[in-house]
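K.L.:
need a 3D model of the following:
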Amino acid sequence: MSRPRPSIDQDFARESPLATEFRRLFHSIQRSQQKSDLKSILVTSAVTSEGKSTICSCLSITAARKGHKTLLIDCDLRRPSLHRLFGLERDRGLVEVLAEGLPVKSAIRKSSVENLDIITAGRVAHNPSELFDSRQIGAIVGELKFYYDYAFVDAPPVIPVSDPMLLAQELDGVILVVKAGSTPREVVQRAVEIMKNNSAHVLGVVLNNARGTMPYYYNYSHYNYQYSPLPAAPADRPATRQSRRPQPPKGPAPSSSGSSSADEHRGAR
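P.N.:
The predicted structure follows:
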């Protein structure tokens, strides 16, 4: 008998470079919130297999670890994955709310992360296009915003289906996940164009899978960053700090594009 797969938060170490990137990303969202009310955020991608579900999960965990009451909703009714990432049962989720009238509060589940609740996709939907109701989901999120500081929605990719385009109109903002070295520029531009033409508030882009595809100065190992606490010094002598100052890379420094990057978690969609 195989052991159940551990929850994603068990692999998401608080002091890892990955966690640092997500804290930066969440800080950017909070700064944007000062200009407009951003409590419900849709996370999507241009095409499949870009890591949007993992990005959405890690961003939700980051908000919860910051002490914010956070809700994560799986709206990808065709290829749901949040129940696997968090080790939850799939049934009694969004499909049951939309198709069977299950009270939304009955679909909310506690995760292994403090302050983080999850609504899974629910049972297999044979007609997701007919079942998907962006206004109903928008009303659900609008109701739950009174109980949560943030609601993150994992949506299907933009190019293959119209679900995220419709749902984006009901939420406060959209984050687009792009897989470095994989997704063509023209495809990303088309996805952004579709969202903006439908009045979606596109907050920005998260660059995923940067390791091995971006220039060397995007990799933490280049700077030899080991910023862990120093060992305790003996009581009879003062503490000394032995660390090497990171050397700047040769050549021009990278320019900031306003996007964030995060390496892809195993099994990401």
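
K.L.:
F152: what secondary structure?
P.N.:
strand (DSSP: H, G, I helix; E, B strand; the rest coil).

K.L.:
I'd say it and L59 touch.
P.N.:
Yes. Using CB atoms under 8 Å, F152 is in contact with L59, at 6.0 Å. C-beta: built from backbone N, CA, C; applies to glycine.

K.L.:
where do the contact lists of those two overlap?
P.N.:
Residues touching both F152 and L59 by CB atoms under 8 Å, 6 or more residues apart in numbering: V43.

K.L.:
V205 belongs to a strand?
P.N.:
Yes. Assessed by three-state DSSP, V205 belongs to a strand.

K.L.:
that one pairs with what?
P.N.:
L176 (DSSP bridges).

K.L.:
let me know the angle separating the helix ranked longest in the chain from strand 150-154.
P.N.:
In the chain, assigned by DSSP state H, the helix with the most residues is helix 17-33. In terms of direction (axes from the mean of the first three to the mean of the last three CA atoms, to 10 degrees), helix 17-33 departs from strand 150-154 by 120 degrees.

K.L.:
report all helices and strands that helix 17-33 contacts.
P.N.:
helix 52-65, strand 202-208, strand 260-262 (3 or more CB pairs under 8 Å, 6 or more residues apart in numbering; DSSP states H and E).

K.L.:
quick check: next helix or strand after that helix?
P.N.:
Next helix or strand after helix 17-33 toward the C-terminus (DSSP states H and E): strand 40-45.

K.L.:
can you list the strands that that following strand pairs with?
P.N.:
Per DSSP bridges, strand 40-45 is paired in its sheet with strand 150-154 (parallel), strand 173-179 (parallel).

K.L.:
distance from the shortest one to the middle of the chain?
P.N.:
In this view, strand 150-154 has its centroid 8 Å away from the chain centroid, taken as CA atoms, centre = their mean, to the nearest Å.

K.L.:
residue ranges in the stretch 101-250 of the chain under the pLDDT threshold?
P.N.:
211-250 (pLDDT under 70).

K.L.:
run through the helices of it in chain order.
P.N.:
Secondary structure of the stretch 101-250 of the chain, counting by DSSP state H, counting those that start in this stretch: helices at 104-107, 128-131, 134-144, 163-168, 185-197.

K.L.:
out of the ones you listed, which is the most enclosed?
P.N.:
Of all these, helix 163-168 carries the top mean neighbour count, a mean of 24, counting by mean count of other CB atoms under 10 Å.

K.L.:
and that one, what other elements does it pack with?
P.N.:
Helix 163-168 is packed against strand 40-45, helix 134-144, helix 185-197, with contacts defined by 3+ CB pairs under 8 Å, 6+ apart.

K.L.:
not counting that helix itself, show me its contacts.
P.N.:
Helix 163-168 has contacts (CB under 8 Å, 6+ apart) with 42, 44, 75, 77, 128-129, 132, 134, 137-138, 153, 155-158, 174, 194-195, 198, 200-201.

K.L.:
mind running it again at 10 Å?
P.N.:
40, 42-45, 52, 75-78, 128-129, 132-135, 137-138, 141, 153-158, 171, 174, 176, 191, 194-202 (CB atoms under 10 Å, 6 or more residues apart in numbering).

K.L.:
swap in stretch 136-146?
P.N.:
Against stretch 136-146 from outside (CB under 10 Å, 6+ apart): 37, 39-42, 71, 73, 75, 94, 97-98, 104-105, 107-108, 117, 119, 133, 148, 151, 153, 155, 163, 166-172.

K.L.:
restricted to buried residues, select those in ChimeraX.
P.N.:
In ChimeraX syntax, the buried subset of the contacts of stretch 136-146 is picked out as below (16 or more other CB atoms under 10 Å):
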select :39,40,41,42,71,73,75,94,97,98,104,107,108,117,119,148,151,153,155,163,166,167,168,169,170,171,172
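
K.L.:
which residues touch S106?
P.N.:
R92, E96, V97.

K.L.:
turn these into JSON lines, including pLDDT and secondary structure.
P.N.:
JSON lines is the format used below for these (pLDDT from 0 to 100; DSSP: H, G, I helix; E, B strand; the rest coil):
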{"residue": "R92", "pLDDT": "94", "secondary structure": "coil"}
{"residue": "E96", "pLDDT": "96", "secondary structure": "helix"}
{"residue": "V97", "pLDDT": "95", "secondary structure": "helix"}
